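>>> I would like to see how this sequence folds:
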Amino acid sequence: MFNKHPKGLIPAALSNMGERFGYYIMNAVLVLFLCSKFGISEEKSTLIYSFFYAGIYLLSLVGGLIADRKQNYKGTIMAGLVVMAVGYIALSIPITANAGNTSWLLTLTCIALFFIAFGNGLFKGNLQAIVGQMYDDLEAEAAKKGEKELIEAKSKRDSGFQIFYVFINIGGLIAPFIAPLLRSWWLSAHNMVYNAGLPALCHEYIAKGADGMSAEAMGNLNQLMSQCVGETSDMAASCAQYLQVFNEGIHYSFVASVAAMLISLIIFFVTKSQFPNPGKKEAAAAVTYTAEEKATMAKEIKQRLYALFAVLGVVIFFWFSFHQNGTSLSLFARDFVDTSTIAPEIWQAVNPFFVITLTPVIMMIFGSLSRRGKEISTPRKIAIGMFIAGLAYLFLSVYSLIMGYPSAAEYRELPIDQQVKAGAWVLIVLYFLLTVAELFISPLGLSFVSKVAPKHLLGLCQGLWLGATAVGNLLLWIGPLMYNAIPIGYCWAIFMIVCLISMGVMLFMVKWLERVAK
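Down below sits the predicted model:
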């Protein structure tokens, strides 16, 4: 599996684990945390989430430009880890929100999110550019030995990015367990019990009082408060206390993210001598080009950038669909799935678990096809991934329609004993299919970018890939809007259609993309 790959691959992946840890903490808790802490609507919470996750990837363009201009990839990466740590430190301070401080506290929270996003922008694309440079160097060394060695070296790039991807997801596997464990421990220390639906009812009671709530909602609040807090003579005080303890437990999970950033910083600093510096290498090489070579290169660069932007246009819609795992799919886990034994945040661990376990299988399949002379090109793999993502949403749509689920807003108004919950297997099947789709698109997309990117723009082009992810993330708020407005089976069907159309566009361009990527 690791044979003949660059020696810096694993240290680079381990350096990325801290960032993935923080990413999956936020992916698991951010929407639910904003709702439970500030009592804001799901639509507003997911809008903040959308801008935050768009910022993570959009600011990678800025990070790539900084690294390319300064020709200091390693320094930019380390600065990114420090800036992310500052953002997580700000989020870890457990200040209770109330009517008097909500405005400035929400603003402070958004500023902390900006620090995390900007630090991620400095870090993420540039580390991926360094991994791409490792394989450029591997291929250059192989070319000196002969054509056979060069072909073998080129075949390592896709699998190398898959190895990189599986290792960084170890942090993502651990992270979703941290917030629920800390929150449940903190609730237990105050003689309280976790319930996913209780914070929203507490906020509704504080805002409206008993007279402003429907009879069904008030009945649900009394039932859950009795189960999670005990008998109470002052409902308003009990609601405020439950919200305070509930959210303090989540704040403490961000302390773990700070520790993860520092561990990643130490790993990168200790191993940075193993990594190439793309900027410095290309700056030295550029002076050897003749005018004729530069003209030829300019034409080739145009073709490569056209191909890059074509693929980016398609994958926008994959990320729009896939990253619903932190918005509408997280809300689905909270509202429609039985969370009496498994907190909704923990379901975010299913995706990195499948990344880790399925990547070796998919690599074996791709390796076997390659040895038999039937290698599937990277653009075709991306098209297959879009098809599999469509299958995931087809499954969830059919299941929701069979169950007769209404919109989420209507479902939450039902008395608790009339809310038919889905079994855990539904989310396992869903995330299995989405993860297979991800493995056909995300690491192989990174590999495709490293193949077609002009060598002096590696950081910027990796930033463009992440920028396409940002555009997809800017659309994430649409999912929760549909989730609360129409029967959720129709909501999932729309995502299915988006994925299948994207697959068709990719297949239409595939032969051209294959020529450019050679």
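
>>> pull the helix or strand with minimum mean pLDDT from this structure.
Using mean pLDDT, DSSP states H and E, helix 278-285 stands out as the lowest-scoring helix or strand of the chain, at a mean of 49.

>>> What lies in contact with stretch 329-336?
28, 31-32, 42, 196-197, 339, 344-345, 347-348, 405, 408, 411-412, 421-422, 427, 430, 479-480, 483, 488 (C-beta atoms under 8 Å, 6 or more residues apart in numbering). (Each C-beta comes from the backbone N, C-alpha and C, glycine too.)

>>> same question but for stretch 497-510, I mixed them up
So stretch 497-510 is contacted by 310-311, 313-315, 317-318, 320-321, 377, 379-380, 382-384, 386-387, 389-390, 393 (C-beta under 8 Å, 6+ apart).

>>> low-scoring stretches of the stretch 1-150 of the chain, by residue?
For the stretch 1-150 of the chain, residues meeting the criterion pLDDT under 70 lie at 1-3.

>>> where exactly do the helices run in it?
If DSSP state H, counting those that start in this stretch is used as the criterion, the helices of the stretch 1-150 of the chain fall at 9-38, 42-70, 73-91, 102-143, 147-189.

>>> quick one, which of the ones you listed is packed in tightest?
Comparing the helices of the stretch 1-150 of the chain by mean neighbour count (mean count of other C-beta atoms under 10 Å), helix 9-38 comes out on top with a mean of 24.

>>> Tell me where the stretch 301-450 of the chain has strands.
Here the stretch 301-450 of the chain has no strands by DSSP state E, counting those that start in this stretch.

>>> out of the helices of the stretch 1-150 of the chain, nearest to residue 260?
Distance to residue 260, taken as C-beta to C-beta, is lowest for helix 9-38 among these, at 3.9 Å.

>>> how far out from the middle of the chain is that closest one?
8 Å (C-alpha atoms, centre = their mean, to the nearest Å).

>>> about what we covered before: distance to residue 330 for the helices of the stretch 1-150 of the chain - can I get that in JSON lines?
Below are those laid out as JSON lines (distance: least, C-beta to C-beta, whole Å):
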{"stretch": "helix 9-38", "distance to residue 330": "6"}
{"stretch": "helix 42-70", "distance to residue 330": "9"}
{"stretch": "helix 73-91", "distance to residue 330": "18"}
{"stretch": "helix 102-143", "distance to residue 330": "17"}
{"stretch": "helix 147-189", "distance to residue 330": "10"}
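
>>> For stretch 510-518, give the mean pLDDT please.
For stretch 510-518, mean pLDDT rounds to 77.

>>> what does stretch 389-403 give?
96.

>>> That stretch: which residues count as buried?
By neighbour count on 16 or more other C-beta atoms under 10 Å, the buried set for stretch 389-403 is 389, 390, 391, 392, 393, 394, 395, 396, 397, 399, 400.

>>> mind listing what the fifth one touches?
Meaning residue 393. Per C-beta under 8 Å, 6+ apart, neighbours of residue 393: 321, 492, 493, 495, 496, 499.

>>> any idea how far residue 311 is from it?
21 Å (C-beta to C-beta, to the nearest Å).

>>> Over to the fourth one?
In this structure, residue 392 lies at 21 Å from residue 311, with C-beta to C-beta as the measure.

>>> Show me the one of the helices of the stretch 1-150 of the chain that comes nearest residue 444.
When the helices of the stretch 1-150 of the chain are compared (using C-beta to C-beta), the closest one is helix 147-189, at 5.8 Å.

>>> Narrow the contacts of stretch 329-336 to those that are buried.
Here, 16+ other C-beta under 10 Å leaves 28, 31-32, 42, 196-197, 339, 344-345, 347-348, 405, 408, 411-412, 422, 427, 430, 479-480, 483, 488 buried among these.

>>> Now residue 229, what are its backbone angles?
phi -120, psi -40 (degrees, to the nearest 10).

>>> That one contacts residue 240, correct?
No. In terms of C-beta atoms under 8 Å, residue 229 does not count as a neighbour of residue 240; the distance is 11.3 Å.

>>> So between the two, which is more surrounded?
residue 229 (22 against 17; other C-beta atoms under 10 Å).

>>> ok, that one - contacts?
192, 193, 238, 241, 242.

>>> Which of the residues you listed sits closest to residue 359?
residue 193 (37.6 Å).

>>> Which strand or helix spans the closest one?
Under the criterion DSSP states H and E, no helix or strand holds residue 193.

>>> how much space between it and residue 39?
21 Å.

>>> ok, those two, which is more surrounded?
residue 39 (19 against 14).

>>> Could you give the number of residues near the residue lying closest to the more buried one once chain neighbours are set aside?
Spatially, and ignoring its direct neighbours in sequence, residue 39 is nearest to residue 203 (3.4 Å; C-beta to C-beta, 6 or more residues apart in numbering). Using other C-beta under 10 Å, residue 203 is surrounded by 20 other residues.

>>> what comes up buried for the helix or strand harbouring residue 203?
If you go by DSSP H and E, residue 203 is part of helix 198-212. Neighbour counts using 16+ other C-beta under 10 Å place 198, 199, 200, 201, 202, 203, 204, 205, 206 of helix 198-212 among the buried residues.

>>> Of those, which is the nearest to residue 140?
For the buried residues of helix 198-212, the nearest to residue 140 is residue 199 (56.0 Å; C-beta to C-beta).

>>> Pull the contacting residues for the closest residue to the closest one other than its chain neighbours.
Closest residue to residue 199 apart from its sequence neighbours, by C-beta to C-beta, 6+ apart: residue 36 at 3.8 Å. By C-beta under 8 Å, 6+ apart, the residues touching residue 36 are 199, 200, 203, 243, 246, 247, 250.

>>> okay if I get the residues you listed as JSON lines plus distance to residue 464?
As requested, those are arranged in JSON lines below (distance: C-beta to C-beta, whole Å):
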{"residue": "199", "distance to residue 464": "39"}
{"residue": "200", "distance to residue 464": "39"}
{"residue": "203", "distance to residue 464": "40"}
{"residue": "243", "distance to residue 464": "42"}
{"residue": "246", "distance to residue 464": "40"}
{"residue": "247", "distance to residue 464": "37"}
{"residue": "250", "distance to residue 464": "34"}
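
>>> Tell me the one of the residues you listed nearest residue 169?
Closest to residue 169, out of all of the contacts of residue 36 and judged by C-beta to C-beta, is residue 250, at 22.4 Å.

>>> which strands and helices sit next to the strand or helix carrying the closest one?
For residue 250, the enclosing helix or strand under DSSP H and E is helix 235-271. Packing partners of helix 235-271 (3 or more C-beta pairs under 8 Å, 6 or more residues apart in numbering; DSSP states H and E): helix 9-38, helix 73-91, helix 147-189, helix 198-212, helix 215-228.

>>> Closest one to residue 69 out of the buried residues of helix 198-212, please.
residue 199 (45.7 Å).

>>> How confident is the prediction for the closest one, by pLDDT?
92.

>>> check contacts around it.
Counting by C-beta under 8 Å, 6+ apart, residue 199 has contacts 35, 36, 242, 243, 246.

>>> closest to residue 143 among those residues?
Nearest member of these to residue 143, counting by C-beta to C-beta, is residue 35, at 55.0 Å.

>>> dump the residue contacts of the closest one.
41, 42, 45, 199, 200, 203.

>>> Output those as a markdown table; include the columns distance to residue 451.
Below are those laid out as a markdown table (distance: C-beta to C-beta, whole Å):
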| residue | distance to residue 451 |
| --- | --- |
| 41 | 44 |
| 42 | 40 |
| 45 | 39 |
| 199 | 47 |
| 200 | 47 |
| 203 | 50 |
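
>>> Could you identify the most distant pair in those?
Farthest apart among those - using C-beta to C-beta - are 41 and 199, which lie 13.1 Å from each other.

>>> in terms of contact, does residue 338 touch residue 422 like I think?
Yes. At 7.1 Å, residue 338 counts as touching residue 422 under the criterion of C-beta under 8 Å.

>>> Just tell me which of the helices of the stretch 1-150 of the chain ends up closest to residue 361.
helix 147-189 (10.8 Å).

>>> so can I have JSON lines of the contacts of residue 199 showing distance to residue 507?
Formatted as JSON lines, these follow (distance: C-beta to C-beta, whole Å):
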{"residue": "35", "distance to residue 507": "40"}
{"residue": "36", "distance to residue 507": "43"}
{"residue": "242", "distance to residue 507": "52"}
{"residue": "243", "distance to residue 507": "50"}
{"residue": "246", "distance to residue 507": "48"}
